[in-house]
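Enquirer: below are the sequence and a predicted model; questions follow.
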Amino acid sequence: MRRNDREREKEIRTFLKEAGLSEGADWLRPEEGPKQETLALLRKERMRLRLRPRKTFLERLFDQASWLSPGSWLFQAAALLFFCVLLKNTDYARRDTLLMVSACTPLFGIAGLVELLRSWQNGMWELEECCRYHLRQIQGMRLLVFGIVDCGAAVVILGLGVLEGYTLETLLLFFLFPLLVSDGVFLLLAKTFRRGAKGLVPVLAGFCMGIFWTYHAAWIQDVPWVFKTCTSPLILTALLFLGAGLLVLGCVRFLNETGKEEQKLWNCV
């Protein structure tokens with residue numbers, strides 16, 4: 001510390017001491033009587049407050065499901081109906097049907113992703129952050145809602161496909177595996193998609209993903225040894241675990257990035 005600074009500090013301490021503002025000054029301490037009256041009043045007001053009731057996990061899940069837009073539910077229902085009609089349609093050869101099934105698997109991911117990004121695209125994420133649950137909890141519950149809906153739709157599609165004569169291995173390879181990978185890729189790229197205009201970027205990404213799965217399914221079916229290898233129990237199980245792992249990684253990264261961006265945007269320093 002420089003000499004001038006030390007002298008200035010000494011002058012300030014002397015001034016405060018003369019004015020009675022030194023540390024531990026008695027006049028800074030509140031009187032005991034008014035202090036106890038204030039504390040009693042605060043305790044009384046505290047007892048009058050009505051605490052918010054605790055909600056069970058299912059109640060919170062249904063709350064988030066009720067806040068999702070009707071358009072997302074209609075899109076999910078339309079996608080499920082489309083797959084059911086496609087599998088029951090006998091006008092196409094089975095090869096062409098499987099190509100269309102693979103190409104359309106990103107539909108479920110697009111519906112969920114557009115709904116998840118709606119908070120940022122509509123500029124509502126700050127309002128949601130101020131509500132009962134923080135943004136990461138809200139997005140986690142929405143992810144779980146869409147996951148449950150997608151699992152139910154997958155069970156229906158796989159069951160209908162088996163009833164229509166498709167083998168389970170073929171359906172797992174050309175429907176479930178692309179579905180897992182597509183959802184995982186969408187979530188991994190969700191931070192980039194937040195800058196998209198009203199969901200246009202996720203839709204274009206889903207379109208590109210559909211083209212990729214079309215060529216992927218055509219190549220596998222046109223090369224017999226590749227088809228036989230991919231439908232073997234060991235390889236198929238490995239592919240499904242790979243797709244599920246990618247999806248879990250996408251969910252974790254999406255939630256972590258939600259928390260980091262939330263702190264960065266709220267930090268005014």
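Expert: On my side now, so go ahead. Residues are numbered from 1 along each chain as shown.

Enquirer: list the contacts of residue 231.
Expert: 167, 169-170, 173 (CB atoms under 8 Å, 6 or more residues apart in numbering). (Each C-beta comes from the backbone N, C-alpha and C, glycine too.)

Enquirer: please apply the same query to residue 161.
Expert: If you count contacts by CB under 8 Å, 6+ apart, then residue 161 has 87, 171, 175 around it.

Enquirer: I'd like those residues as JSON lines, with secondary structure, pLDDT and neighbour count appended.
Expert: Compiled in JSON lines, the contacts of residue 161 are given as follows (DSSP: H, G, I helix; E, B strand; the rest coil; pLDDT from 0 to 100; neighbours: other CB atoms under 10 Å):
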{"residue": "87", "secondary structure": "helix", "pLDDT": "90", "neighbour count": "24"}
{"residue": "171", "secondary structure": "helix", "pLDDT": "94", "neighbour count": "22"}
{"residue": "175", "secondary structure": "helix", "pLDDT": "95", "neighbour count": "24"}
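
Enquirer: of the residues you listed, closest to residue 38?
Expert: residue 175 (67.1 Å; CB to CB).

Enquirer: what separates that closest one from residue 223, distance-wise?
Expert: Remark: distance between residue 175 and residue 223 (CB to CB, to the nearest Å) = 19 Å.

Enquirer: next, the buried residues of the helix or strand harbouring residue 102.
Expert: With elements taken from DSSP states H and E, the one containing residue 102 is helix 94-104. Going by neighbour count (16 or more other CB atoms under 10 Å), the buried part of helix 94-104 is 97-104.

Enquirer: for stretch 71-81, what is the distance to the chain centroid?
Expert: 19 Å (CA atoms, centre = their mean, to the nearest Å).

Enquirer: got the CA positions of the helix holding residue 102 in CSV?
Expert: C-alpha atoms of helix 94-104 as CSV (Å, rounded to 0.1, in the frame of the first residue of the first chain):
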residue,chain,number,x,y,z
ARG,A,94,-42.2,-55.1,-48.6
ARG,A,95,-38.8,-53.6,-49.6
ASP,A,96,-40.4,-50.3,-50.6
THR,A,97,-42.5,-50.3,-47.4
LEU,A,98,-39.4,-50.8,-45.3
LEU,A,99,-37.7,-48.0,-47.1
MET,A,100,-40.5,-45.6,-46.4
VAL,A,101,-40.6,-46.7,-42.7
SER,A,102,-36.9,-45.9,-42.3
ALA,A,103,-37.3,-42.6,-44.1
CYS,A,104,-40.1,-41.5,-41.9
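
Enquirer: who's in contact with it?
Expert: By CB under 8 Å, 6+ apart, the residues outside helix 94-104 that reach it are 79, 82-83, 86-87, 89, 92, 166, 170, 174-175, 178, 210-211, 213-214, 216-218, 221.

Enquirer: following element in sequence after it, please.
Expert: The C-terminal neighbour of helix 94-104 among helices and strands, as given by DSSP H and E, is helix 106-116.

Enquirer: what mean pLDDT does that following helix get?
Expert: Computed over helix 106-116, the mean pLDDT rounds to 85.

Enquirer: over to stretch 12-27?
Expert: The predicted model assigns stretch 12-27 a mean pLDDT of 61.

Enquirer: and if you look at stretch 180-190?
Expert: For stretch 180-190, mean pLDDT is 89.

Enquirer: quick one: contacts of it?
Expert: With contact meaning CB under 8 Å, 6+ apart, stretch 180-190 is reached by 105-106, 108-110, 112-113, 116-117, 150, 193, 202, 205-206, 209, 213, 240, 243-244, 246-251, 253-254, 257.

Enquirer: so what's residue 191 closest to, chain neighbours aside?
Expert: Nearest residue to residue 191, sequence neighbours excluded (CB to CB, 6 or more residues apart in numbering): residue 257, at 5.1 Å.

Enquirer: in what helix or strand does the one you found lie?
Expert: Counting by DSSP H and E, residue 257 is part of helix 233-266.

Enquirer: re the thing from before, quick check, the residue nearest to residue 191 in contact with residue 136.
Expert: No. With contacts counted by CB atoms under 8 Å, residue 257 stays clear of residue 136, the gap being 9.7 Å.

Enquirer: pull out the buried positions in the helix or strand where residue 78 lies.
Expert: In the assignment (DSSP H and E), residue 78 maps to helix 70-88. Residues of helix 70-88 classed as buried by neighbour count (16+ other CB under 10 Å): 72, 75-76, 79-80, 83-84, 86-87.
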